[in-house]
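Colleague: No sequence on hand, only this structure:
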């Protein structure tokens, strides 16, 4: 099924252009770029989440073809990077046919926004002894906050799962050892990432971040420790991130949801759907084990 804009909203071209500029700008603080004509490949520098290829900002020539996509895929394989493309359906609808012709599978994810005219919902009441904080770069809990989404996305969905404090400590140690936590700390210190987490009795239960570029930011990587799900912690962390963004001059806050069920949760925080994010990657059975998206 191909993506469609929600029937009650005509495409907001000014907003789509703003989001397009953001998507081109935000990886550049941690990645270098390689030019493939109608496509740009972002290559990560250092530890952290890998990046992807996407439509080249401002490209006015012919649209990308399957052969263009294959050239990028070959380069991603050379680099040992995930074979992945990300773009906005309403902004570059023609790219889908090219990536599918190159053998990739396309996944659709609702894009939601809190624009300058939108009011966020009041922050939810926190359960029990839970507190939500925005973390400083030297916060002792930073590694655990970085680890929580890794565990959450390794066990996707909203069902309560087994991962708990013991797994969290192990993951935090691993992410400290491989430099990932240190990279996040540097980004927090530089102001390119804002990290917030929900804690109970000193244990990180949910965390997420927003990554501002000028007056636009994306809320990303909000994940709850599987054993702590269904307590409203994701909404509480999202509300804290939105509050921080608005207090610091950001006028447009957006995010992508895994599916429509998750999008409904974010609508409770005041977000509205405005477009569809598309992610293309090889089918799971086609990927080498080290590239399967266990922790996206």
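Modeller: Sure, I can see it. No experiment lies behind these values; they were computed from the predicted model shown. Numbering: from 1, shown residues only.
Colleague: Can you give me the buried ones in stretch 204-221?
Modeller: Buried residues in stretch 204-221, counted by 16 or more other CB atoms under 10 Å: 204-213, 216-221. The C-beta positions use only the backbone N, C-alpha and C, and glycine is treated the same way.
Colleague: just the helices in the stretch 151-296 of the chain please.
Modeller: 165-177, 180-190, 233-247, 260-267 (DSSP state H, counting those that start in this stretch).
Colleague: So for residue 226, which of these sits nearest?
Modeller: Among those, helix 165-177 comes nearest to residue 226, with 8.7 Å by CB to CB.
Colleague: got a markdown table for the helices of the stretch 151-296 of the chain, with mean neighbour count too?
Modeller: Formatted as a markdown table, those follow (neighbours: other CB atoms under 10 Å):
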| stretch | mean neighbour count |
| --- | --- |
| helix 165-177 | 17 |
| helix 180-190 | 18 |
| helix 233-247 | 21 |
| helix 260-267 | 16 |
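Colleague: Name the residues of stretch 35-46 that are buried.
Modeller: Applying 16+ other CB under 10 Å to stretch 35-46 flags 36, 38, 39, 40, 41, 42, 43, 44 as buried.
Colleague: Which two of those residues have the greatest separation?
Modeller: 38 and 44 (21.7 Å).
Colleague: hmm, which helix or strand of the chain has the shakiest average pLDDT?
Modeller: helix 260-267 (a mean of 91; mean pLDDT, DSSP states H and E).
Colleague: Contacts for it, please.
Modeller: The contact list for helix 260-267, computed with CB atoms under 8 Å, 6 or more residues apart in numbering, reads 110, 112, 158, 234, 235, 238, 255, 257, 271, 273.
Colleague: Just flag the most distant two among those residues.
Modeller: Across the contacts of helix 260-267, the longest distance by CB to CB is 18.9 Å; it joins 158 and 273.
Colleague: of those two, who's got more company?
Modeller: Between residue 158 and residue 273, residue 273 has the larger neighbour count (other CB atoms under 10 Å), namely 19 against 14.
Colleague: Could you double-check that the more buried one sits in contact with residue 108?
Modeller: No - counting by CB atoms under 8 Å, residue 273 stays clear of residue 108, with 11.8 Å between them.
Colleague: Return the residues in contact with residue 21.
Modeller: Residue 21 is in contact with 57, 216, counting by CB under 8 Å, 6+ apart.
Colleague: re the thing from before, and the angle from the least confident helix or strand of the chain to helix 233-247?
Modeller: Helix 260-267 and helix 233-247 are oriented at 50 degrees to each other (axes from the mean of the first three to the mean of the last three CA atoms, to 10 degrees).
Colleague: Quick check, central residue of this protein?
Modeller: Nearest to the mean C-alpha position of the chain, by CA atoms, centre = their mean, lies residue 220 at 3.9 Å.
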